[in-house]
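In: I would like the atomic coordinates for the input below:
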Amino acid sequence: MQLSGYVHSQPPSLDATFAALADPTRRAILARLAQGEASVTQLSEPFAISQPAISKHLKVLERAGLISRGRDAQRRLSRLEPRPLAEANQFLEQYREFWQSSFARLDDLLQEIQCSTPNPSKSRRRRTAKS
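Out: Numbers count the residues shown, from 1 in each chain. Alright, predicted model coming up:
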């Protein structure tokens, strides 16, 4: 598999997606939103940081397109948006296929070497048995 031309065909949002995913707090927020919509208050509960800090993380996620935010009465709910994650997965999937193919070739080579190389432990046993 050749990946050289792929660099130029990446969606421009991929950089923003990976930058947003680089922070563990934002990944935890996305994991929570995978269970359903949540308010800033609900999202800030498991963290030892302020609601304004959570809001800043939400803005980064929103700019990356990973979440969308809407109003429900007086609460502002956030929800997960799957498209950017699907694009990131598609990008990473190409590398997984590359490595699987490389490991399969390595397995074949190792199998070929094992079959063509005499086993030294068997020859030692034969010599000791003859003595």
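In: ok, Ser50 touching Ser44?
Out: Yes. In terms of CB atoms under 8 Å, Ser50 counts as a neighbour of Ser44; the distance is 7.4 Å. The C-beta positions use only the backbone N, C-alpha and C, and glycine is treated the same way.
In: neighbour count for the two, which is higher?
Out: For Ser50 versus Ser44, neighbours defined as other CB atoms under 10 Å are more numerous around Ser44 (20 against 10).
In: which residue ranges form the strands in the chain?
Out: 38-39, 67-72, 75-80 (DSSP state E).
In: only C-alpha atoms, please: export the second one in PDB.
Out: This points to strand 67-72. In PDB, the C-alpha atoms belonging to strand 67-72 read as follows (Å, rounded to 0.1, in the frame of the first residue of the first chain):
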ATOM      1  CA  ILE A  67     -19.700  18.400  18.800                       C
ATOM      2  CA  SER A  68     -22.600  20.700  18.200                       C
ATOM      3  CA  ARG A  69     -24.400  22.800  20.800                       C
ATOM      4  CA  GLY A  70     -28.100  23.700  21.000                       C
ATOM      5  CA  ARG A  71     -30.600  25.000  23.500                       C
ATOM      6  CA  ASP A  72     -33.100  23.000  25.400                       C
END
